[in-house]
Each structure stands twice: as C-alpha cells, then as structure tokens.
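In: I'd like to go over a predicted model; first the sequence, then the structure.
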Amino acid sequence: MLPYSLLRWTLILRVLTVSLILWIPLARFLPEVAGWRVNWRFGRLYTALREAERRLEAACDLGTLRAEIAALDRLFLEAQPLCDEVPATRQRHAYDWRVHVAFVRSHATTRLAAMEGAATTRAVPGPEA
C-alpha cells in the first residue's frame with residue numbers, strides 16, 4: 001500500500017499526463033486551422049480576382065471597361081477588412097493580394113487609356129476632311 005502523500009502525487013501526475021496528451025496535439029493543431037482559414041479566404045479572393053480579370057479582358061467598349069474597373073475597386077475595398085484582420089505571420093498574403101490587384105488594375109487602366117486614345121483619334125477629323 002502507498003502512503004497518502006505518494007498516492008496524492010500519483011493522482012496529480014495522472015491528471016497532468018492526460019492533460020499533456022490532450023493539449024499538446026491540440027496546441028499544434030489550432031495554428032494549422034487558423035492558417036487553413038486564412039488560405040481559404042484568400043483563395044476565394046483570388047478566384048474573384050481571376051474572374052474580374054477575365055471580365056476586364058473581355059470588355060470591348062469604354063463603358064463596360066470602366067464598369068469592370070469600378071467592380072475591381074469594389075472588390076479591393078470589400079477585401080480590406082480581411083487584410084486588416086490577418087495575423088502578422090500571414091500578412092504577406094495581404095500584401096501579395098494588394099500587389100496583384102494593383103497589377104490587374106494598372107493593366108486595365110492602360111487598356112482604358114489606349115481605348116480612349118483610339119476613340120479620340122477616331123472622333124477628331126483629320127486635315128483631309
């Protein structure tokens with residue numbers, strides 16, 4: 001038979017052992033869940049960005065192109081709260097997202113300027129008129 005003090009420590013060690021067996025895997029698992037959640041949300045944003053880019057490329061007149069650029073700007077503003085709440089360890093995703101949106105927008109505005117230049121050239125009569 002064990003003395004009472006040793007029996008008490010045995011019970012405490014059992015509780016600590018069971019706690020460690022449960023908490024260590026959980027402590028390793030929770031950051032993975034948080035990372036998966038951030039990746040999933042940015043995956044959805046990149047899907048929306050890809051669709052917006054396709055619509056921008058398919059736009060064939062000035063009005064449609066301007067409307068799609070405005071839609072891209074709205075997508076950027078809607079994503080801003082997500083970018084603000086991303087943990088510091090995953091902040092690179094937010095910066096990459098901003099860079100990619102800026103790239104798509106600059107490409108679209110360059111195309112818009114070219115289309116406006118072409119429309120202005122067609123609208124101005126030449127000297128032979």
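Out: Alright, I've got the coordinates.
In: Quick one: residues contacting Val86.
Out: By C-beta atoms under 8 Å, 6 or more residues apart in numbering, the contact set of Val86 is Val38, His93, Ala94. Yep, even glycine has a C-beta here, placed from its N, CA and C like the rest.
In: okay, and for this protein, where does confidence drop off?
Out: By pLDDT under 70, the weakly predicted segments of the chain are 1-2, 123-129.
In: Just list the residues touching the residue positioned nearest the centre of the chain, thanks.
Out: Taking C-alpha atoms, centre = their mean, the centroid of the chain lies closest to Phe42, which sits 3.0 Å from it. By C-beta under 8 Å, 6+ apart, the residues touching Phe42 are Leu82, His93, Trp97.
In: Work out the gap between the lengthiest helix in the chain and the centre of the chain.
Out: Taking DSSP state H as the criterion, the chain has its longest helix at helix 4-58. Relative to the mean C-alpha coordinate of its chain, helix 4-58 is positioned 19 Å out (C-alpha atoms, centre = their mean, to the nearest Å).
In: how much space between the residue nearest to the centre of the chain and His100?
Out: Relative to His100, Phe42 is positioned 10 Å away (C-beta to C-beta, to the nearest Å).
In: do the same with Phe76
Out: According to C-beta to C-beta, Phe76 and His100 sit 10 Å apart.
In: got it, and Leu30?
Out: Taking C-beta to C-beta, one finds Leu30 at 29 Å from His100.
In: Which residue of these two possesses the greater neighbour count?
Out: Per other C-beta atoms under 10 Å, whichever of Leu30 and His100 has more neighbours is His100, with 15 against 10.
In: Quick check on the more buried one: phi, psi?
Out: When read as degrees, to the nearest 10, the backbone of His100 gives phi -70, psi -40.
In: ok, the closest residue to it other than its chain neighbours - contacts?
Out: Excluding the flanking residues, the one nearest His100 by C-beta to C-beta, 6 or more residues apart in numbering is Leu49, at 6.4 Å. Counting by C-beta under 8 Å, 6+ apart, Leu49 touches Leu72, Leu75, Trp97, His100, Val101, Val104.
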